[in-house]
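Participant: sequence? don't have it. structure:
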């Protein structure tokens with residue numbers, strides 16, 4: 001496939017740094033009518049011919065100034081004739097899986113041809129047989145995945161998954177309430193933030209950052225070490241320091257002023273900072289942050305015809321120029337080789353961003369939470385949810 005030039009809409013986004021949250025209502029309208037039917041209803045019919053249904057996280061794809069169109073999807077449709085129905089239906093991995101698990105188990109259509117679970121959840125989908133392997137001939141751009149992401153333990157040959165974006169977990173804060181910034185757990189739990197701290201409902205990020213602050217390696221964490229970190233979290237909640245344990249909506253707590261500090265994700269904080277004249281900022285903890293990825297995967301219930309079309313979508317987004325266009329909007333870690341060079345052509349500042357193209361030094365301070373056994377996943381998640389009040 002020939003490289004696609006950045007669309008005029010994307011250039012507009014880059015030049016104006018259009019507010020993603022300002023267009024969120026419009027973007028939601030694009031997904032709107034079909035989204036409820038797609039949410040794991042089971043009764044939703046399989047994909048129409050030349051249509052792919054994609055479930056993803058909010059604010060995770062380029063949107064034009066009107067907030068009603070996704071430029072890269074528009075370009076894909078013009079190129080292939082395939083329509084992609086895009087749903088911002090992810091808020092939390094467990095929540096999404098809970099909506100579709102019963103249909104997957106029964107082999108019934110789940111309302112999506114393409115899903116984007118985070119690494120640990122992708123491992124569960126693969127382990128349970130809920131995904132399909134790619135036809136390598138249909139995804140030749142798979143070779144463009146960064147070497148550091150090419151062989152995860154849950155899918156060593158990347159036969160069933162390709163990273164959509166990489167996610168750095170760390171500290172985010174309101175700069176007026178935390179003028180010295182937040183780089184340690186002690187900074188996070190400063191008196192100025194009491195009752196106004198939000199942490200992620202993604203266990204591996206929140207507990208992972210606590211563990212790193214306690215000197216624990218995420219590659220070798222034991223059950224005792226994990227439970228000690230959970231106890232720390234539970235006490236901070238009980239003592240009134242933490243106001244909530246949330247998914248993607250934590251960013252709204254920051255913008256409303258309900259939260260002044262968070263354990264959050266780099267991409268959200270990058271755009272909050274750019275939209276609010278430096279009112280917010282982000283840093284990887286001195287003791288170390290977390291890194292993971294969301295993965296494009298094809299559910300086991302997808303028909304053969306829809307699978308081919310879905311593979312075309314996956315392949316398209318591994319074109320370096322297309323990946324650069326998405327990265328310019330979402331500001332998460334771009335997983336595609338060659339995208340940084342494409343970004344250089346249009347915005348050298350973004351091409352130099354550690355949020356999008358982290359250096360080796362930055363990567364060295366980020367850790368992947370080790371894979372859990374099914375028994376650990378059950379008991380550790382239950383402990384975390386109990387601490388979170390769920």
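Facilitator: Sure, I can see it. Source: prediction; values computed, not measured.
Participant: correct me if wrong, but residue 68 is in a helix.
Facilitator: No: per DSSP: H, G, I helix; E, B strand; the rest coil, residue 68 lies outside any helix segment and is coil.
Participant: next one: phi and psi at it?
Facilitator: Residue 68 has phi and psi values of phi -110, psi -10 when expressed as degrees, to the nearest 10.
Participant: what's the local residue count around it?
Facilitator: Other residues near residue 68 number 12, with proximity taken as other CB atoms under 10 Å. The C-beta positions use only the backbone N, C-alpha and C, and glycine is treated the same way.
Participant: per-residue confidence at it?
Facilitator: Looking at residue 68, its pLDDT is 82.
Participant: distance check, it against residue 207.
Facilitator: Shown here: residue 68 relative to residue 207, a distance of 39 Å by CB to CB, to the nearest Å.
Participant: ditto for residue 350
Facilitator: When distance is defined by CB to CB, residue 350 is 31 Å away from residue 207.
Participant: next one: residue 315
Facilitator: The span separating residue 315 from residue 207 equals 35 Å under the rule CB to CB.
Participant: so these two - more neighbours on which side?
Facilitator: For the pair residue 315 and residue 207, the greater number of neighbours falls to residue 207 (29 against 19), based on other CB under 10 Å.
Participant: in which helix or strand would I find the spatially closest residue to that one that is not a sequence neighbour?
Facilitator: Using CB to CB, 6 or more residues apart in numbering and skipping the chain neighbours, the partner closest in space to residue 207 is residue 229 (5.0 Å). Secondary-structure element containing residue 229, defined by DSSP states H and E: helix 223-238.
Participant: and if you look at residue 187?
Facilitator: Counting by DSSP H and E, residue 187 is part of helix 185-188.
Participant: what helices or strands is that helix leaning on?
Facilitator: Packed against helix 185-188, as judged by 3 or more CB pairs under 8 Å, 6 or more residues apart in numbering; DSSP states H and E, are the following elements: helix 203-213.
Participant: domain-wise, how is the protein divided?
Facilitator: 8-161+297-356, 167-291+364-388 (automatic domain parsing).
Participant: can you tell me which of those the model trusts least?
Facilitator: In terms of average pLDDT, domain 8-161+297-356 trails the rest of those, at a mean of 84.
Participant: what about that one, distance to the chain center?
Facilitator: Distance of domain 8-161+297-356 from the chain centroid (CA atoms, centre = their mean, to the nearest Å) equals 10 Å.
Participant: burial check on residue 250, number of neighbours?
Facilitator: Here the neighbour count serves as a burial measure; for residue 250 (other CB under 10 Å) it reads 22.
Participant: roughly how far does the nearest residue to residue 92 once chain neighbours are set aside sit from residue 264?
Facilitator: Taking CB to CB, 6+ apart, and ignoring the residues beside it in sequence, residue 92 has residue 247 as its nearest neighbour in space, at 3.9 Å. Applying CB to CB, one obtains 11 Å for the distance of residue 247 from residue 264.
Participant: what do those two both touch?
Facilitator: Each of residue 200 lies in contact with both residue 247 and residue 264 under the rule CB atoms under 8 Å, 6 or more residues apart in numbering.
Participant: more neighbours: these two, which one.
Facilitator: For the pair residue 247 and residue 264, the greater number of neighbours falls to residue 264 (29 against 17), based on other CB under 10 Å.
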